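In: Got a predicted structure plus its sequence, pasted below:
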Amino acid sequence: MADLSRRQVLGGTAAVMAMFAGLSVPSVVSAQPRQANGPLLLTNLQLFDGSGSAVQSGVSVRIEEGRIHSILPADATAEGAEVFDCGGRLLMPGLIDAHWHTTLAAITQTTAMTADVGYIHLVAAQEAKRTLMRGVTSVRDVGGPSFALQRAINEGIVDGPRIFPAGAMISQTSGHGDFRMRHDIPRGSTTPLSEQEHQGVAAIADGEDEVLRRTREQLMLGASQIKLMAGGGVASLYDPLDSTQFTERELRAAVDAADWPEVTETSTSLVSTFLQIDLVAASVDTLLDRLHDLLATRDWYTSDLPTGRRLWHVPTVYGTDLAPQLEEAAELAGLDPDAAIAQLSQARVRVLTIGFAPGQPYMGELPQNWDIPRQQGLTKSVPAGALIVAIRQLIIFTNASPTGWRHIGQTAFKTFRPRSDTPFALSPGDELCFPSISRAEYDKITATDETGQGGAETEVLA
């Protein structure tokens, strides 16, 4: 959860007091120093703490790092804090709006469906500041592309409340989140997404698998909750208000995807997962126990691999002018160039995923000593077939491309063959070795090979 900035604390405080005392908010906010980041002491106030207790007088409130630190006697010393005189007005907790739409709150439905995307987001930023100035310090966004504005507020670029985003509203076809026109129907497997789906306003999902996928996509983007359109609506075109939407199994798929609510953010690499947890909802030790229990349910290393896997032996020339960063990479791996070539030639890696470019494999893992960092700068371009290394992984480049990884070897292997019946040469689960060859052998392969194999040999794995 993002902490409110000092400017937001002052603005929200002034706004909440304004509701009870006719205070001119802009004049109060503009009078506040905005450059200091130390503690703040609010004095000369009446306090309503939201607990149901009577309004308190004769107190002051100390704020540190954007949070209420303590309630003190009215005559408490500042002790290094900046003093803000509230003028005898009522101070109360910030309000929470549990149903808010970041990009829809300030515009009509017609504008939302027809205006430029940039305009919609500029208006949303302005409305976020107005919302904060009304005393609302937290909002639950229940559908729409709110992640960019959430980030801008968290980074102090614009003023606004804390946003708890849901991301795109997940809707069945003809449901409350389906804003397509009749001419957009039918939708085939290759039909482009609608404009509202592209913008992240809605995600159309029919069937358990699609609901599961769309839910996971929103969680991947950073959703703190999921908005499922489970009934009809007033503002949508095709669904009566009393209609029931999604089957029980579809709803269950979304619930299953959003399990472990104390996990507020996840980020995965090819071989690791980062989890951010809400320490109010669960302690680190509690979550570690759950993770250990999950890992103990099975031997994850013996999970079934894809069928039809192959072992590829891809001839590779290491170093020379074709792959000029071998020596640099070898030094980082604690090896001389000859030892590095020997280790790399004997290594056997697995295709972890295909991505970034058509057919381009990410492969791993190399021995621990190859856990070398990416470069701090970019190599402007390496050629197709380049073998590059970083963080115990290898990639064969599909096309000439800039990269932050180090170019250690060169192959004639084409990972993408658009005229072939199988355009992607490799598949996740395939394994590869990169035996060393001479520059002369490489030149001979490039001069004679028309298949894209680059001299590679294959064998079927069980």
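Out: Arrived safely. Bear in mind that the values here come from a model prediction, so they are computed numbers and not experimental data. Residues are numbered from 1 along each chain as shown.
In: any idea of the pLDDT on residue 94?
Out: Reading off the confidence values, residue 94 has pLDDT 87.
In: In contact with residue 362, which residues?
Out: 270, 351-356, 393-395 (Cβ atoms under 8 Å, 6 or more residues apart in numbering). All C-beta atoms are positioned from the backbone trio N, CA, C, and that covers glycine.
In: in a strand, that's where it is, yeah?
Out: Yes. Assignment of residue 362 by DSSP: H, G, I helix; E, B strand; the rest coil places it within a strand.
In: From the contacts of residue 362, pick the one nearest residue 61.
Out: residue 270 (48.4 Å; Cβ to Cβ).
In: pLDDT score for the closest one?
Out: pLDDT, residue 270: 62.
In: low pLDDT regions in the chain?
Out: Counting by pLDDT under 70, the chain has low-confidence residues at 1-37, 233-236, 239-243, 251-252, 254-256, 258-259, 265-272, 274, 297-303, 462.
In: can you map out the helices along it?
Out: Assigned by DSSP state H, the helices in the chain fall at 6-21, 25-30, 109-114, 117-133, 147-154, 195-199, 208-221, 248-257, 284-295, 326-332, 337-346, 439-448.
In: Same list, these, but as CSV with distance to residue 312 and mean neighbour count please.
Out: Supplementary listing: the helices of the chain in CSV, determined by distance: least, Cβ to Cβ, whole Å; neighbours: other Cβ atoms under 10 Å:
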stretch, distance to residue 312, mean neighbour count
helix 6-21, 56, 21
helix 25-30, 64, 14
helix 109-114, 50, 13
helix 117-133, 44, 18
helix 147-154, 40, 19
helix 195-199, 38, 17
helix 208-221, 31, 18
helix 248-257, 35, 15
helix 284-295, 31, 12
helix 326-332, 21, 19
helix 337-346, 14, 17
helix 439-448, 15, 14
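In: pretty sure residue 281 is touching residue 262, no?
Out: Yes. With contact taken as Cβ atoms under 8 Å, residue 281 and residue 262 are classed as touching, separated by 3.8 Å.
In: Looking at the two, which has the bigger crowd around it?
Out: More neighbours sit around residue 262 than around the other of residue 281 and residue 262, counting by other Cβ atoms under 10 Å; the figures are 16 against 13.
In: contacting residues around that one?
Out: 277-278, 281-282, 287.
In: now with 10 Å?
Out: When contacts are counted by Cβ atoms under 10 Å, 6 or more residues apart in numbering, residue 262 is found next to 275-283, 286-287, 290.
In: Out of the residues you listed, which two sit at the greatest distance?
Out: Within the contacts of residue 262, 280 and 290 form the most distant pair, 16.4 Å apart (Cβ to Cβ).
In: What separation do you get for residue 44 and residue 87?
Out: Taken as Cβ to Cβ, to the nearest Å, the spacing of residue 44 relative to residue 87 amounts to 6 Å.
In: Sorry, slip of the keys, the one I care about is residue 397.
Out: The gap separating residue 397 from residue 87 is 66 Å, by Cβ to Cβ.
In: Same drill for the two, tell me which one is more crowded.
Out: The neighbour count for residue 397 versus residue 87, taken as other Cβ under 10 Å, is higher for residue 397 (24 against 12).
In: Please name the residues that touch the residue located most distally from the centre of the chain.
Out: Of all residues in the chain, residue 75 has its C-alpha farthest from the mean position, at 46.9 Å, by Cα atoms, centre = their mean. With contacts defined as Cβ under 10 Å, 6+ apart, the neighbours of residue 75 are 43, 58, 60.
In: Stretch 320-333: end-to-end distance?
Out: End-to-end distance for stretch 320-333: 18 Å, by Cα to Cα, to the nearest Å.
In: Kindly apply the preceding question to stretch 98-118 instead.
Out: This stretch, stretch 98-118, spans 26 Å end to end (Cα to Cα).
In: Please state the offset of that stretch from the chain centre?
Out: Stretch 98-118 has its average C-alpha position 23 Å from the chain's average C-alpha position, going by Cα atoms, centre = their mean, to the nearest Å.
In: Could you do stretch 77-87 as well?
Out: Between the mean C-alpha point of stretch 77-87 and the mean C-alpha point of its chain there is a distance of 39 Å (Cα atoms, centre = their mean).
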